[in-house]
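Participant: predicted model follows, preceded by the sequence.
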Amino acid sequence: VRALSPGLSAEASGDVRVGDTLHTVDGRNVWSWDEAREALIGPQGSLCSLVLSRFLRTPPPPRTAPLQPRSEVSVTLVRGASAFVSLWHQNISLAKHNKMLSADVEDKDRALESLYSRVTETVTERNALLTHTQRLHV
């Protein structure tokens, strides 16, 4: 990986770094830039799985130390133009936010139901006590 295009999912994910070496796309080995480009092209919005390797120290200093072992990284990205990818990430973010809000609303609904139940019980007990007190005074 020589560069990352701003706004595309590889850059936006933070999981792909300059200096990484691409090995597979969707389980298919790639040996050249042409093979990688062909494998990366797909329907906008579809997911693409990559296996990359990177030096543990990126980039390795030239001729000052022996190369260190590489670690393998698996990444899943969404295909598409930067505007589409940006909207896709926003949609995912909104979906997560909506899920959190829904859970929050459900918690508040349960709390309100519990409060209503306690208020109803208290009013019922109060009315029973008033009725009992009125009978005692008659």
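Facilitator: Good, I have the coordinates.
Participant: all helices of the protein, in order?
Facilitator: Counting by DSSP state H, the chain has these helices, from start to end: 9-13, 33-40, 82-137.
Participant: between the ones you listed, which one is closest to Leu47.
Facilitator: Across the helices of the chain, the minimum distance to Leu47, taken as CB to CB, is reached by helix 9-13, at 9.5 Å. Any C-beta I mention is one placed from the backbone N, CA and C, and that applies to glycine too.
Participant: return the closest one as CSV; C-alpha atoms alone will do.
Facilitator: Below are the C-alpha coordinates for helix 9-13, written out as CSV (Å, rounded to 0.1, in the frame of the first residue of the first chain):
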residue,chain,number,x,y,z
SER,A,9,-13.2,2.9,3.4
ALA,A,10,-9.5,1.8,3.6
GLU,A,11,-8.5,5.2,4.9
ALA,A,12,-11.7,5.7,7.0
SER,A,13,-11.4,2.4,8.8
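Participant: can you point out the buried residues in that helix?
Facilitator: For helix 9-13, burial by neighbour count (16 or more other CB atoms under 10 Å) applies to Ser9, Ala10, Glu11, Ala12.
Participant: burial of Leu130, as a residue count?
Facilitator: The burial metric for Leu130, expressed as a neighbour count using other CB atoms under 10 Å, is 10.
Participant: which residues touch the closest residue in space to Val73 that isn't next to it in sequence?
Facilitator: Counting by CB to CB, 6 or more residues apart in numbering, Leu52 is the residue found nearest to Val73 once chain neighbours are left out, at 4.7 Å. Counting by CB atoms under 8 Å, 6 or more residues apart in numbering, Leu52 touches Val1, Val16, Asp20, Thr21, Leu22, His23, Glu72, Val73, Ser74, Val75.
Participant: alright, that wraps it up for me.
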